[in-house]
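# below: sequence and its predicted model.
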Amino acid sequence: MNQQKLPNATAVLVLGIVSIVGCCCYGVLGLIAGIIGLVLYKKDNALYQANPTMYSDYNNLNTGKILCIIGLSLSALYLILNIVMISVFGWEALSDQQLMQERIRELMGQ
């Protein structure tokens, strides 16, 4: 019997890697790539579960799922960190180093 590759296994793997790297883009790119990767994983997993002997690269699909979950977690944490930083210090302080130092001193009570 000739085994086929799952249609989106490579895409899920690539999106998982992009979601980990994309967490550095304020968390938004990583969230988008991770969510898309998990949706594609769900579709391919349903195909594999329907007929497991027909497909060969299920390991790539599982690896991509794990990378998507890691990327989603990192991206969500980084996005939350950015939201907290903006709410505590303000948008202006993030672009001006001296203002940031002044606001940190104010918070520390010095």
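That came through, no problem.
# residue 6 and residue 25, how far apart?
Residue 6 sits 28 Å away from residue 25 when distances are taken as CB to CB, to the nearest Å. C-betas here are computed from N, CA, C, even on glycine.
# neighbour-wise, which of these two wins?
residue 6 (22 against 14; other CB atoms under 10 Å).
# that one should be in a strand, yeah?
No: under DSSP: H, G, I helix; E, B strand; the rest coil, residue 6 sits outside any strand and is assigned coil.
# surely it and residue 50 touch.
No: contact criterion CB atoms under 8 Å: residue 6 and residue 50 do not qualify, at 11.5 Å.
# ok, which stretches of this structure are strands?
With DSSP state E as the criterion, the chain has no strands.
# in the helix or strand bottoming out on mean pLDDT in it, what counts as buried?
In the chain, the helix or strand scored least confidently by mean pLDDT, DSSP states H and E is helix 91-95, which has a mean of 86. For helix 91-95, burial by neighbour count (16 or more other CB atoms under 10 Å) applies to residue 93.
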